[in-house]
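Chemist: how would this look folded up:
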Amino acid sequence: MARSRTVQQSTARPARGEAKPLGPGFHPGIVEMIAARGEEKSDARPAFQVRSSDGRRLLATLAAGVSPAFIEECMREGRTVVLADAPGGVAILGALQTASAPAPDAHGTLALDARHLRLRARETLELEVPGSSLRIEPGGAVRIEGDRLVIDMAALVRIFSARVELP
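Modeler: Have a look, this model is predicted:
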């Protein structure tokens with residue numbers, strides 16, 4: 001006597017819908033330009049035109065937690081971003097890091113090498129070490145505090161001031 005087996009499917013098959021633009025997984029891409037800015041709504045996030053690694057141009061939005069300013073920086077520098085399919089289309093998940101971030105070395109030294117280095121602060125700029133500090137304030141006030149000040153110039157020191165006080 002032959003037995004027949006009937007197997008019931010326990011899960012429903014997903015409906016065949018539109019194919020995802022990228023497919024499963026993470027995909028590298030390059031941000032080419034800002035495609036739209038949401039000026040109508042204050043909470044609207046910009047959309048970007050991205051080029052996937054296979055050369056397709058797609059419209060992508062930012063995933064939650066991704067800063068628009070950061071992606072604009074990636075666009076200016078040509079940095080590779082990470083793309084993935086999302087419910088609303090293609091999403092930019094972040095950027096691919098290809099170099100180390102500035103960090104102190106084993107001796108605790110942080111070195112920044114540049115042809116030009118600019119630090120900008122809205123209020124004050126302070127440099128502090130134990131025993132002394134340098135503070136630059138709005139309005140042109142510069143305050144140097146410490147026990148000793150050594151000015152070592154080989155050629156010339158000029159002080160332009162309406163008044164100089166020395167104790």
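Chemist: tell me the bridge partners for V90.
Modeler: Under the criterion DSSP bridges, V90 forms beta bridges with A60, D85.
Chemist: I'd guessed it sits against V50; true?
Modeler: Yes. Counting by Cβ atoms under 8 Å, V90 touches V50, with 7.0 Å between them. Placement of C-beta: from N, CA and C, glycine included.
Chemist: in the chain, which spans are helices?
Modeler: Counting by DSSP state H, the chain has these helices, from start to end: 68-77.
Chemist: apart from its neighbours in sequence, what residue is nearest the most centrally placed residue in the chain?
Modeler: Centroid check for the chain by Cα atoms, centre = their mean gives F70 as the closest residue, at 3.8 Å. Distance criterion Cβ to Cβ, 6 or more residues apart in numbering; nearest residue to F70, sequence neighbours excluded, is A95 at 7.1 Å.
Chemist: got a list of what the one you found touches?
Modeler: 70-71, 74, 79-82 (Cβ atoms under 8 Å, 6 or more residues apart in numbering).
Chemist: buried among the residues you listed? Need that as a selection in PyMOL.
Modeler: In PyMOL, the members of the contacts of A95 classed as buried (16 or more other Cβ atoms under 10 Å) are selected with the following command:
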select buried, resi 71+74+79+81+82
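Chemist: let me know the closest of the contacts of A95 to S132.
Modeler: Lowest distance from S132 to these (Cβ to Cβ) belongs to F70, with 35.6 Å.
Chemist: quick one: the strands in this structure, in order.
Modeler: Remark: strands of the chain, listed N- to C-terminal, are 27-36, 47-52, 57-62, 80-86, 89-95, 125-129, 132-136, 142-145; assignment by DSSP state E.
Chemist: what do V90 and V50 both touch?
Modeler: With Cβ under 8 Å, 6+ apart, V90 and V50 have common neighbours 58-60, 83.
Chemist: can you say which of those residues are buried?
Modeler: Among the shared contacts of V90 and V50, those classed as buried by 16+ other Cβ under 10 Å are 58, 60, 83.
Chemist: and the gap between the residue nearest to F70 and P28?
Modeler: In this structure, A95 lies at 10 Å from P28, with Cβ to Cβ, to the nearest Å as the measure.
Chemist: ok, R163 next?
Modeler: For R163 relative to P28 (Cβ to Cβ), the value is 62 Å.
Chemist: try R79
Modeler: Between R79 and P28 the computed distance is 10 Å (Cβ to Cβ).
Chemist: what residues are shared contacts of the two?
Modeler: If you check R79 and P28 against Cβ under 8 Å, 6+ apart, the residues they both contact are L96.
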